[in-house]
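[1] kindly generate the corresponding structure for this input.
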Amino acid sequence: MIKLDNLTKVFDTPKGAVVAADHISMEVPRGEICILLGPSGCGKTTTLKMINRIVQPTSGKVFIDGEDTTDMDTQSLRRNIGYVIQQIGLFPNMTIEENITVVPKLLGWDKARYRERARELMAMIALEPDAFLKRYPNELSGGQQQRIGVARALAADPPVMLMDEPFGAIDPINRAVIQDEFLKMQQELKKTIMFVSHDIDEAIKMGDRIAVFREGKLVQYSEPDDLLAAPRNAFVESFLGEDRALKRLNLVKVNEIVSDEIGTVSPGDTLEQALARIDDFGYQNSILMVNDQRQPVGLITRAVARTTRGYCRDHFQNVPATVGLDDDLRKVASLMFAQDTTWLPCVDDEGRVCGQITQRAMTHHLGARFRAAERTAQAAAETTSKE
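    Presented below is the predicted three-dimensional model:
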């Protein structure tokens with residue numbers, strides 16, 4: 001949907017020419033979010049602004065849905081590209097409804113259509129239309145204004161959106177909420193988005209692809225998992241940080257490594273039976289007790305099963321936590337550390353036990369990806385040396 005072909009920007013300064021973007025070539029597939037990441041002054045915002053010609057390219061081309069935009073009318077180009085900036089840029093003398101409907105009005109939408117679009121978008125960004133549409137920007141919090149900025153960019157239903165650190169000025173709690181809401185919207189809307197950020201965690205969370213910039217050059221363009229597992233050079237590796245293996249916890253879902261081999265007992269089973277089942281799964285010191293619907297209702301420990309007689313229903317502990325199949329490994333690791341456990345039961349949408357996840361499985365999965373990346377890099381280096 002977006003293709004940059006040797007896009008270059010050179011600024012003339014009193015001290016001479018400065019190359020802000022140096023022959024940037026990349027493609028963003030339809031419906032994906034591409035994060036432009038890098039330190040301040042690396043060229044990511046300049047690259048973004050050349051797409052809608054807020055900054056005029058020195059050379060190179062931009063293609064939108066296969067069409068060369070070089071000779072396209074600038075106003076027409078911008079009206080078909082949503083644009084969201086960190087400073088939000090709402091018009092202070094306009095109501096929220098008027099702010100949202102600016103572009104649809106310019107495009108000639110009738111009143112009923114653009115007013116309905118405003119209400120639809122307010123619901124989408126989780127703000128009550130009747131409570132907010134007639135207010136002015138200064139009556140809203142910073143986080144609410146940022147949501148309105150996103151709604152305004154979406155108003156005319158543009159196929160492409162450009163976002164320049166849109167959530168950077170919001171406090172961490174509200175930023176996480178808005179990021180989550182935006183990702184939910186994106187699942188439905190499937191916009192093609194280029195998104196400038198300097199926050200690595202945000203990039204990993206939001207991006208389908210990440211482009212790392214340094215001194216005006218595109219250094220690496222990869223999917224988040226590939227970027228973390230196989231940084232191209234020392235700069236990318238240092239920029240990602242020493243905890244890049246832990247950052248991958250955000251990218252892996254429980255359903256990728258869950259094991260359906262999990263021992264269970266029923267409330268009517270004896271503790272002797274529970275101990276035998278624990279021994280069948282020798283790496284665990286407890287076993288899960290489930291009801292007739294296979295929902296977890298308790299935990300029988302090895303210590304209790306070994307020293308006590310009776311039935312499981314009379315000697316169980318509470319289940320410390322469960323995880324869902326769509327949870328990421330960061331949540332799982334946090335729960336394991338908090339509960340001092342090396343495994344957790346996994347449940348489906350109805351709360352029924354469908355397997356377990358262990359620290360060992362998590363470690364093996366993460367490590368295997370890094371080992372594979374090392375082997376690939378080594379093979380590439382050997383091929384280069386032979387040539």
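
[2] quick one: the helices in the stretch 251-387 of the chain?
    Taking DSSP state H, counting those that start in this stretch as the criterion, the stretch 251-387 of the chain carries its helices at 271-280, 302-307, 329-339, 359-386.

[3] okay, those, which one's buried deepest?
    Neighbour counts (mean count of other CB atoms under 10 Å) averaged over each of the helices of the stretch 251-387 of the chain peak at helix 271-280, with a mean of 18. For the C-beta atoms, the positions are set from N, CA and C on the backbone; glycine is no exception.

[4] pLDDT of it, averaged?
    Here helix 271-280 scores 90 as its mean pLDDT.

[5] among the helices of the stretch 251-387 of the chain, which comes closest to residue 56?
    helix 359-386 (38.3 Å; CB to CB).

[6] domains of the chain?
    2-252, 255-363 (automatic domain parsing).

[7] please identify which of those domains is closest to residue 372.
    Using CB to CB, the domains of the chain put domain 2-252 closest to residue 372, at 7.6 Å.

[8] report the distance from that closest one to the chain centre.
    14 Å (CA atoms, centre = their mean, to the nearest Å).

[9] endpoint to endpoint, it covers what distance?
    27 Å (CA to CA, to the nearest Å).

[10] what average pLDDT does it get?
    89.

[11] what do you get for stretch 333-343?
    92.

[12] wait, doesn't residue 329 sit right on residue 255?
    No: the criterion here is CB atoms under 8 Å, and residue 329 misses it with residue 255 at 11.0 Å.

[13] any shared contact partners between those two?
    Here residue 329 and residue 255 share no contacting residue, scored by CB atoms under 8 Å, 6 or more residues apart in numbering.

[14] about what we covered before: between the helices of the stretch 251-387 of the chain, which one is closest to residue 52.
    Nearest of these (CB to CB): helix 329-339, 34.8 Å.

[15] convert the C-alpha atoms of the closest one to CSV, please.
    In CSV, the C-alpha atoms belonging to helix 329-339 read as follows (Å, rounded to 0.1, in the frame of the first residue of the first chain):
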residue,chain,number,x,y,z
LEU,A,329,4.3,-14.6,27.9
ARG,A,330,5.1,-11.3,29.7
LYS,A,331,1.8,-11.7,31.7
VAL,A,332,2.6,-15.4,32.3
ALA,A,333,6.1,-14.6,33.6
SER,A,334,4.8,-11.9,35.9
LEU,A,335,2.2,-14.2,37.4
MET,A,336,4.8,-17.0,37.9
PHE,A,337,7.2,-14.6,39.7
ALA,A,338,4.4,-13.2,41.8
GLN,A,339,3.1,-16.6,42.8
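
[16] helix or strand for the closest residue to residue 231 other than its chain neighbours, which one?
    Once flanking residues are discounted, residue 231 sits nearest to residue 237: 4.1 Å by CB to CB, 6 or more residues apart in numbering. Using DSSP states H and E, residue 237 sits in helix 234-240.

[17] follow-up on the earlier one: now the helices of the stretch 251-387 of the chain as JSON lines including distance to residue 75?
    What follows is the helices of the stretch 251-387 of the chain, written out as JSON lines (distance: least, CB to CB, whole Å):
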{"stretch": "helix 271-280", "distance to residue 75": "71"}
{"stretch": "helix 302-307", "distance to residue 75": "72"}
{"stretch": "helix 329-339", "distance to residue 75": "44"}
{"stretch": "helix 359-386", "distance to residue 75": "46"}
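
[18] you'd agree residue 162 is in a helix?
    No: using DSSP: H, G, I helix; E, B strand; the rest coil, the secondary structure at residue 162 is strand, not a helix.

[19] you'd agree it is up against residue 51?
    Yes: taking contacts as CB under 8 Å, residue 162 lies within contact range of residue 51: 6.0 Å.

[20] which residues do these two both contact?
    81, 194.

[21] how close does residue 349 sit to residue 258?
    14 Å (CB to CB, to the nearest Å).

[22] ok, now residue 90?
    Counting by CB to CB - residue 90 and residue 258 are separated by 45 Å.
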